[in-house]
Every structure is written in C-alpha cells, then in structure tokens.
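Asks: Sharing a sequence plus its predicted fold:
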Amino acid sequence: MKRHRIRFLPLDIVYTAEDEENLLDLALRVGVHINASCGGFGTCARCRVKLIEGEIEFRGKNDTPRLDNRENFILACQSYIKGDATIEIPLESRIDRTALEARKELNVLPASTGAISLNAIDPDPMVFKKFISLDPQGLRENIDDLSSILKTLEKDYPQTHIKVSLDALKKLPFALRSANWQATATLFYQHDDIEIINFEPEDTTERQYALAIDIGTTTVCGRIIDIKADKKRGARILGEVSDYNAQISYGDDVITRIMHTKKKGGLKRLQDAVVQTINSIIDELIDNTHISREDITLMVAAGNTTMTHLFIGVEPQYIMLEPYTPCFLFPPVVKAIEIGLRLNKDTPVFLIPCVASYVGGDIVAGVMAAELHKADGFNLFIDIGTNGEIVLSGPSWMLCASCSAGPALEGGGIKHGMRATKGAIEQIRINPLTFEPAILTIGHTKPSGICGSGLIDLIAEMFSTGMLSQNGKINRDLISDRIREKDGIWEYVLCHGEDTLTGKDITISEADIDNIMRAKAAMFAGCKVLLDISKIHFNEIDRVYIAGGFGHFIDPVKAQTIGLLPDMPVEKFKFIGNGSLQGASLYALSKEYVRAAERIVKMMTNIDLSKHSSFMEEFMAAMFLPHTDERLFPDTFKKLKKKDM
Amino acid sequence: MPFEIPKIKYTGRIKEVTIGSGNKAIKVGGESCFPFYTFEGEMPNLPKIAFEVWDSEPHDWQNWAKEPYIDVLHDPVLWAKKCIDVFGAEMIALQLISADPNGADRHIEEVVRVVKDVADAIDCPLIVWGTSNDEKDAILLRRVAEVCEGKNIAIGPVSDKNYKQIGASAIGYNHVVMASTPIDVNLAKQLNILLGNLGVKEEKILMDPTSGALGYGLEYTYSVMERDRMAALTQEDTKLQYPIICNVAQEVWKTKETRITEKEDPKLGDEKKRSILMEAITAMTLLLAGADILIMRHPESIKLIKDMIKELI
C-alpha cells in the first residue's frame, strides 16, 4: 500500500500516512492537536489548517463553508491524503511542544487485531453438503431412492449410522429425478451419527454458508460466512449486520427480562422478540450478500446464559433465585423450524455452551476467538459490557468471574452516552491549555452523543489535562467557558449545540463521571480479585484480550489512565472487538472449535465475586483516578507526573 | 542454638507531626512498630490525650460528666484553663458544637471569637473540631485558620467535599489538618492523596478514621485502624503513614450506657463509674489499634488511660 509523508508545521514533525487517509484521522492518530467540534462532518470549520504544499484531495460536502482559497486553508476533516504534504497548524489549534511531547504515546488498537482470523481456518463444519451421483444403471434393480443414497453414503462413512429427516425425505424423489440422478445431500454430522437434513437437485456444494449470531442483551449481530471446504482460500465473511435486540422493550438488562418471563405469556413474547430480530437480520444479510436462503446450512448463536435460555424458550427465572442455577449449560441442537427461524426447516441451530448463570456462551466464544485455550503462560480476557466478564487462564486451567459494571461504558446511564453507532463521538483529545476538544465521530457525521471508547478518552483527557481531580470531581478553579455549573451539577461542555446533530450541547457531568468511575472500578476490582485468588501478579500476565461493543477500537493507554485496564506494557493488549460473534463463527466453521468450546466450559471454574469480601474493598480502592494504590499503576503515574511539570 | 522470638520486619514509619508552637508544642507519630510493640521497633512519641472543651455551655451532659467542670462550663476560656491548671491537660480540643447548622447554628464570627479567645488564653497545643457539616466547616475553619495564624493548631474534620478550601487555608496559615473519612482504608488513603495533591505537607496531616464507642461499632473502627497501620508499617503504603486522631468523648458520652442511672436499671451499676470505664475502655482499645491522639472528656478516665500508657511502655 502507498504511504505518504506528512509534515506538520510549526512542530516540524513528520508522520507517515496511509494513502487516502483522512487528515483529521491522521492528526488524532499521531497526537497532533487540531481543534474539531463537529465530529468530522465538515460544518464547524474549526479544524482548518493551512496546506503549505502537497497533494491533498478536498472532498467537501455541499454545505461545507468555502474557505479562502487564496490563503490555502483547508478543513482537515474533509481532506484526504494523496501524496506527501506539509501542513501548518494555525494559531488557534496550536499547543506548545512540551505538551505535545507528553502526549506522544498513542496506541490505538483497532478491533479484531487480537482474534484469530477466519481465513486461517480450513473449514470442517458439522453440517456440510455432499454431492451424490447415482448410477442410472444400478437403479434398474428396483431399489428404493433412500436405500440407493444410503448405500452410496455408507461407502464414504463406514461404521456410521445414517438417518434421514422427514423434510429431507419429502424432497428426495424430486431432487433425484429432476437432475438425472445427480443430487446434493446436506449432512449433519454428530459423533458417530449422520442425519441427512436436505436434498437438492444437482451439485450445489459450491454454495454452503453459515450464519453466526451474537445475541447481546442490547445488540444482536449477525454474519454470513462462506464455509465450503477450500483449503486454498479458507473461510470468508460475506456480510455483517447488527440491530437492537427487540427484547429491549421489555427491559434494559438481564434481570428485568427475567422478571418479564414471570408475566403471563412473557417467556413466549421474549423469545418471539429475539427470533424476530434475528429473522430480520437474516433477511438483511441475504439482501446484502445475494446468497440464497436455502444455502445456509447451519446457524451458530452465542449469548449470555439468560439470552441462551430465552432464545430457545426455556424458563430462565431460576438464574436469579437462590442458589442461582440455570436450567442448562449445554444447550440442545434445535432445528430452525422449532423456534421459527426463516431458514430451511431442518437447519440445525447450535448454541455455544455456558459456564454459569452469569458467564455465558458469549464468553466461551470470546475465549475461543482469543484462543486462550491454546495459549501458554497467563492470559487475561476482559469483556467490557453491562456485565463485565473476566477470564484468567493458565496452562490448562481457567477462572472466570462476572461483575456488574453497569451500562456506562456502553453509553447507558450517561446523559449524552450512546451505543457505538453512526454519530457517536469515539475519539477525543483535549488541548491542555485552552480545554478545546478535538472530536471524531463514527461515520464522520455531526455528533449526537458519546460512545464507550469516547467516554474512556474523555475521562482520561479531562484527568490528564487537570480538569478532573483524582476523585473524579471537576476542578472548579479552572477558567473556561466549557466548564460550568448547571442546576447545581458541574459539567464540561464537549460540543456546543451549534455543532451537534440535535442542536443541544453535548456535555459530561460529575454524575456521569461517577457512573463511569463505578463501571471501571468494578471491572478492575474484578480483575484484581481474580488475580489475587490465583496468587498471580499483573506483571506475570502475558497477554490481555479485550472484547466488547463499546467502540471500534480502544486506546489502552487512555484506559490505563482512568484505571480501567491494568498498568502493563501496551504491546500486551489485544483488542478482539465482538469476541462472541467471532467465536460463534469459529464454532460454525470447524468441529475443532465445537470440541474446543466443550473443553473451555469444562476447564473454567466460576468464581462468585459477591462471595469474596475483598471485592468491595478493591472496588473502593479502584474508585479513584487511576487508582488509590499508586504501586499498581507505576507507569501511568510516571506519565501523569511528567505532564505536571 | 539459642531461642529467638520471631519478629515482624517493619519497612515503614509513621510521619512525625507537630502541633502547637513554642516549648509546649507536641510531637506525635514517628512509630516504626505496631502500637506498644516496642520490643520490635520504636515508639518515640507516646500517644497524647486532648481534653475536650465545648465552645458553649453543654446542656444535655450527664451530671456526673459536668461535675469536674461545673464551675467553668459556661466559659470556654476558663474551662480550657481548668483542664490545664487543675487536670494537667497537655492539649485542648475545642469542639465547635454551637456552630452546627442542625443545632444552634451560631454565627460564624461569634464562634471564631470564642476560638480566638481560647487560643490566646492557653499556651498548650489546640485542636479545633468543626461541625462535620461540609459547607459550614469550609467557611468556619478557614476563618479559624486565619485568626489562629502562627499557633500551628490542628483543624478538622476535613472531608473529600471541603478538603480544597480547608486544606488551602491550612497551607496558607501553616496549620495541621485532620483528614476525616468514614471507617474505610481506601477512602482514608484517597483523602490523604488529594490533600497531598493540593500541596499539604506530609508533616501536616492527621488521620481521623471515624471512631465508634464500645458497643457501637468499636470493633469496626479497630479493624480499619489496624489495617491502616499494617499497610503503613509493613506494606510501605506511604499514603497511610500518618498519625491517627480519634474523637472519643462525644461518641462515648452519647451512648445509652453512659446515660441510664443505677436507679433506672440497678443491674447496670453505678452510672459514674460505668461511664468513666466506657470512655476508658473505648480509648484503651483505640490506643491498641494505633491511635496517636485521643480527645476525651472525663479527668478520671483520662487518668486511667495515662496510667495504662505508662505501664505499657
């Protein structure tokens, strides 16, 4: 790929940019401060910079204010790098060099750098197509259709019991005769047993797709994968779609959903809601990828234990009643028709097994995506969500725990918080002298709120610029029109109303900050207690895998600055994004991962943090920026102190 | 091989804090061992008792509590002097009860005048204990710091809500602050860090872990203080290496057990003796947990405690 050299004046620092990279993206990535208020939409005109020389393509929207061409000012957010260039940062965006030096360590990890890639895997799915060509000569022997098929298959699968589903049987006579005794059977392989679940005329083995679904409490994500056995190319993701879980109208969290099942018809309503969501995701995926519905041969879903119960319509209420046991951990394989999914009637639907009431198949899937079950040394897996889940793995053992972090890091319970979707502010830098922010939104649109990764950035920046004290209180002595008291609550104005989608100010208040502090404190305390129980120190951890839907990337240094992630070298962190979806995909792709999931569940010991008195204590210790115990965050403190000077 | 008593290896030391000025100034802290474990380390400054004096006449005190001070209760200056001259007080703790917004809510300047009068009348170190109302203390203690400039008094309680205002005045007028937190090791540490960030010097901080009386959560206070000291001395937790002050008197003397007379409940025995022992046992327990300064009320319980300290060393 082509790369270009971009020189920023007056700093006179050169950074390497990707071809076609957005200039504001580059500036934020490398830590050059440019004011920006509209998220990259091109309306606020604060990110104007002077193009001294070089190749920059201006792709302005129609309503973008025209800038004085004579002066050669361009809007960074509307500028795309086509060649080497020199850019001068105008006075209003400049910060002094010492401040810049201090903020050089930027290590943004994009999603899915940490997970195993699908195309590295030879497909060996549990459900696959088999082309069968019968010899028309042999058919004169008056053998029935099914026996002919079984006889052929038995040659390939000796010692295996082969049976056929009713739906497949109904299709068999037509499939065989319409293409001159050439047909394709879809086989569902389980242990020493094969079930024929579909017959199609002709050879259709070129078209085999799997559907992977992550059933989140808030969001459901789906993916279509091409799984035909092709050693050269491996598996390929054809499309991905996500939507809100329609169950949301019955409650925001797992507990309220379970409460709803106690109402008459509640369980059915919840099941219908999520099935409906998945059906519409399937429809959209089919539309986007132009595949045929009949060619989806299997589906794998991963969800937390409650979602797994609700999806197949099994009573989940005992999860929240003493002694907190679910109905099952290993779900049965169900057929699409049994739960009303718009797929072939007999298409098997697999659910990834769960570990405990609050550690579900989504975590098993995530662990699988991070390949923790194969890893050497000590590894930590952190799923940042409403229910934070943590897995600590060592050679042939795993410990897991869940802690209630609250929805803050997914944007919930935060006045201007939102999910990581279009218009969400996901990256923030704050000028330490003027407190002017630079923001970037998902999709470069006008901002409408702040998502998890944006909140992590925001708190970290507010703290390191001295706007926040260690107990998360806004410094009232600072003079800035962005810091104000409104209705008795102190807040920082991130975006003024004229730059936002809603026309209203986007702010963060001390109450919001307190919620985020609680979330990060719960996550860190969970990690600390789990490590303490295992008598392992953070220094001994080889890798930390981060999963979660809080954004499209995470900056570990910022997350350490607020004490969400432990203080350790950044190269130890891997971000796997939606680990649940990735794990479900692996499960669909190869039997190897079906066995891995089972092994992971058996390897994992669940630790109930509510029974550990030290959890509350660690939580209090973590309710400070970055932490009450300086010795746990030596490097972070060193960096912070450097900034003070 | 000769037998050797196993010893704890201490890696930390409590900071020394001086309160007061001149030759009657008092130094506390400096321990390099657990309380009274002088066979393992040093306890260079013995724990000190501060006699409690109220800023206004107490009306709801038990007669047996009033008895020693009956002639001076109406006048804080005379009261403080009697504590020093008659009972040998080394330190006075002036409690600003009348300023409490939930009580008499006396005007700040009137209360400040009382503080100044007492401070000017005595030459031993002075502790000024506010109302525990964050807003009022922020203003009141700032004024107290101002009028007591040069006397190096201890002011508090300072909370995470008003540490900036009170801490800044303490820095400005060179006083000691008493950092008060609700019975929690981490909260105590956090407040010490915040005060440090503000610029309060290490030798100007006392910790108030919040104490309960015997039968009213004393064991909770005890275990938190014990852990404060363990962290400070054996885990090198520098942010907890501060002397501890406990405001014992008010906690003890408001309990039911110090109020019921023998006549009302004969099986509880003599009320005066019982109350004195309640105060003494609470104080003794807190000393064993690591207290460096105790604020106490009755001369007899104070005498018991002083005797105990002498015997333990």
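Replies: Good, I have the coordinates.
Asks: what stretches of the chain score poorly on pLDDT?
Replies: Answering for chain A, as no chain was given. Low-confidence segments of chain A, defined by pLDDT under 70: A:1, A:31, A:61-71, A:92-115, A:137-140, A:229-234, A:643-645.
Asks: try chain B instead
Replies: In chain B there are no weaker segments when pLDDT under 70 is taken as the threshold.
Asks: Now that residue A:563 has come up, it's in contact with residue A:628, right?
Replies: No: taking CB atoms under 8 Å as the definition, residue A:563 is not a contact partner of residue A:628, at 9.4 Å. C-beta: built from backbone N, CA, C; applies to glycine.
Asks: out of these two, which sits in the more crowded spot?
Replies: Taking neighbours as other CB atoms under 10 Å in any protein chain shown, residue A:563 and residue A:628 compare with residue A:563 leading, 29 against 26.
Asks: now stretch A:432-451, how far from the chain's geometric center?
Replies: Relative to the chain's own centre, stretch A:432-451 is displaced by 21 Å; criterion: CA atoms, centre = their mean, to the nearest Å.
Asks: If you count neighbours, what's buried in it?
Replies: Across stretch A:432-451, burial judged by 16 or more other CB atoms under 10 Å in any protein chain shown covers A:432, A:434-442, A:444-451.
Asks: residue boundaries of the helices in chain B?
Replies: Using DSSP state H, the helices of chain B run over residues B:63-66, B:76-85, B:108-121, B:134-147, B:163-173, B:185-198, B:218-234, B:248-253, B:271-289, B:299-312.
Asks: To chain A, which of these lies closest?
Replies: Closest approach to chain A among the helices of chain B is made by helix B:185-198 (4.1 Å; CB to the nearest CB).
Asks: Keeping just the C-alphas, turn that closest one into CSV.
Replies: Coordinates of each C-alpha in helix B:185-198 appear next as CSV, following Å, rounded to 0.1, in the frame of the first residue of the first chain:
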residue,chain,number,x,y,z
VAL,B,185,-8.9,2.2,54.5
ASN,B,186,-9.2,3.2,50.8
LEU,B,187,-11.2,6.4,51.5
ALA,B,188,-8.7,7.4,54.1
LYS,B,189,-5.9,6.9,51.6
GLN,B,190,-7.7,8.8,48.9
LEU,B,191,-8.2,11.8,51.0
ASN,B,192,-4.6,11.8,52.0
ILE,B,193,-3.6,11.7,48.3
LEU,B,194,-6.0,14.5,47.5
LEU,B,195,-4.5,16.7,50.3
GLY,B,196,-1.1,15.8,49.1
ASN,B,197,-2.0,16.8,45.5
LEU,B,198,-3.3,20.1,46.9
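Asks: does it come close to chain A?
Replies: Yes: counting by CB under 8 Å from any CB of the partner chain, chain A has neighbours in helix B:185-198: B:185, B:186, B:187, B:189, B:190, B:193, B:194, B:197.
Asks: And for the first one, the neighbour number?
Replies: By other CB under 10 Å, 23 other residues sit near residue B:185.
Asks: Show the contacting residues for it.
Replies: A:617, B:224, B:227, B:228, B:231, B:240 (CB atoms under 8 Å, 6 or more residues apart in numbering or on different chains).
Asks: burial of the closest residue to it other than its chain neighbours, as a residue count?
Replies: Nearest-residue entry for residue B:185: residue B:227, 5.2 Å, with adjacent residues in sequence omitted and distances by CB to CB, 6 or more residues apart in numbering or on different chains. Applying other CB under 10 Å, we find 20 residues neighbouring residue B:227.
Asks: Highest mean neighbour count out of the helices of chain B?
Replies: Neighbour counts (mean count of other CB atoms under 10 Å in any protein chain shown) averaged over each of the helices of chain B peak at helix B:248-253, with a mean of 24.
Asks: And that one, how far out from the chain middle?
Replies: On CA atoms, centre = their mean, the centre of helix B:248-253 falls 11 Å from that of its chain.
Asks: got it, and stretch B:30-50?
Replies: In terms of CA atoms, centre = their mean, the centre of stretch B:30-50 is set 17 Å apart from its chain centre.
Asks: again with stretch A:218-226
Replies: 11 Å.
Asks: and it, C-alpha only, in PDB?
Replies: Only the C-alpha atoms of stretch A:218-226 are listed here, as PDB (Å, rounded to 0.1, in the frame of the first residue of the first chain):
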ATOM      1  CA  THR A 218     -28.700  -4.800  23.900                       C
ATOM      2  CA  THR A 219     -27.500  -5.600  20.400                       C
ATOM      3  CA  VAL A 220     -27.700  -8.600  18.100                       C
ATOM      4  CA  CYS A 221     -25.100  -9.000  15.400                       C
ATOM      5  CA  GLY A 222     -25.200 -11.500  12.500                       C
ATOM      6  CA  ARG A 223     -22.700 -12.600  10.000                       C
ATOM      7  CA  ILE A 224     -22.700 -14.800   6.900                       C
ATOM      8  CA  ILE A 225     -19.700 -16.900   6.300                       C
ATOM      9  CA  ASP A 226     -18.700 -18.900   3.200                       C
END
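Asks: in that stretch, what counts as buried?
Replies: A:218, A:219, A:220, A:221, A:222, A:223, A:224, A:225, A:226.
Asks: At the contact with chain B, which residues of the stretch 501-645 of chain A appear?
Replies: The stretch 501-645 of chain A comes close to chain B at residues A:617, A:620, A:621, A:623, A:624, A:628, A:629, A:630, as judged by CB under 8 Å from any CB.
Asks: Between the residues you listed, which sits nearest residue A:479?
Replies: Within those, proximity to residue A:479 (CB to CB) peaks at residue A:624, which comes in at 25.8 Å.
Asks: where does that closest one land in three-state SS?
Replies: coil (DSSP: H, G, I helix; E, B strand; the rest coil).
Asks: Give me the residue at the spatial middle of chain A.
Replies: residue A:578 (2.6 Å; CA atoms, centre = their mean).
Asks: distance of that one from residue A:584?
Replies: From residue A:578 across to residue A:584, the span is 9 Å (CB to CB, to the nearest Å).
Asks: Pull up the overlap in contacts between the two.
Replies: Shared contacts of residue A:578 and residue A:584 (CB under 8 Å, 6+ apart): residue A:214.
Asks: burial measure for residue A:621, as a count.
Replies: Neighbour number of residue A:621 under other CB under 10 Å is 24.
Asks: correct me, but it touches residue B:187?
Replies: No: Residue A:621 is not in contact with residue B:187 according to CB under 8 Å; the separation is 9.4 Å.
Asks: Pull up the distance across stretch B:82-99, start to finish.
Replies: 23 Å (CA to CA, to the nearest Å).
Asks: Just the buried residues of that stretch, please?
Replies: B:82-84, B:89-99.
Asks: Closest one of those to chain A?
Replies: Proximity of these to chain A (CB to the nearest CB) peaks at residue B:99, which lies at 24.1 Å.
Asks: Stretch B:233-248: how far from the chain's middle?
Replies: Distance of stretch B:233-248 from the chain centroid (CA atoms, centre = their mean) equals 14 Å.
Asks: Over to it now: how far is its first residue from its last?
Replies: End residues of stretch B:233-248 are separated by 24 Å (CA to CA).
Asks: so does it get close to chain A?
Replies: Yes: using CB under 8 Å from any CB, stretch B:233-248 comes into contact with chain A via B:237, B:239.
Asks: neighbouring contacts of stretch A:76-85?
Replies: Residues contacting stretch A:76-85 (CB under 8 Å, 6+ apart): A:4-7, A:17-24, A:26-27, A:34, A:36, A:38, A:40-42, A:47-49, A:51-61, A:64, A:87, A:444.
Asks: Write the ChimeraX selection for whichever of the residues you listed are buried.
Replies: With 16+ other CB under 10 Å as the criterion, this ChimeraX line picks the buried residues out of the contacts of stretch A:76-85:
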select /A:4,6,7,17,21,22,23,24,26,27,34,36,38,40,41,42,47,48,49,51,54,56,64,87,444
